[in-house]
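Trainee: this is a predicted model, with the sequence first.
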Amino acid sequence: MLAYNKDMFVRIEEFGGPRAPMPRPLESGFSRNRLYRVLGIYSPSETSEAYFILPNDRDELWFISQRHVRFGALEDTGAQHLPLPVRPVLELARPERPDGVPTIQAGGPA
């Protein structure tokens, strides 16, 4: 069973090369400058591949390989497509040690 957030949107970043999975989204009605709502995820038992069910720009439903998609956003909206955000993704501040080396902090109560 695969679970996903109903508000998840992904962006297309087509995986290239001779062994790229088919279909190629940019040749199938998708574009780089939009986010697409994930309607479902399918993983056939005979493969380790997962396919995202996405509506393209023509509102056709396609099964697109996980290797062609990247996380885009979580948005509580009824839209099936969103423009790609132009603002940069915020980076989390990393505390530094006195010697200037970044540290990694574990979560949870101290």
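Mentor: Received the coordinates, thanks. Computed from a prediction, not measured in an experiment: that's the story for all the values here.
Trainee: what's residue 68 sitting at in phi/psi?
Mentor: Note on residue 68: its backbone torsions stand at phi -100, psi 0 [degrees, to the nearest 10].
Trainee: I should have written residue 67 there, sorry.
Mentor: phi -70, psi -10.
Trainee: list the contacts of the closest residue to it other than its chain neighbours.
Mentor: Of all residues not flanking residue 67 in the chain, residue 15 sits nearest, at 4.2 Å (Cβ to Cβ, 6 or more residues apart in numbering). C-beta here means a position set from N, CA and C on the backbone, and glycine is covered the same way. Residue 15 sits next to 21, 65, 67-68 when contact means Cβ atoms under 8 Å, 6 or more residues apart in numbering.
Trainee: how does it look with 10 Å?
Mentor: By Cβ atoms under 10 Å, 6 or more residues apart in numbering, the contact list for residue 15 reads 21, 24-25, 65-69.
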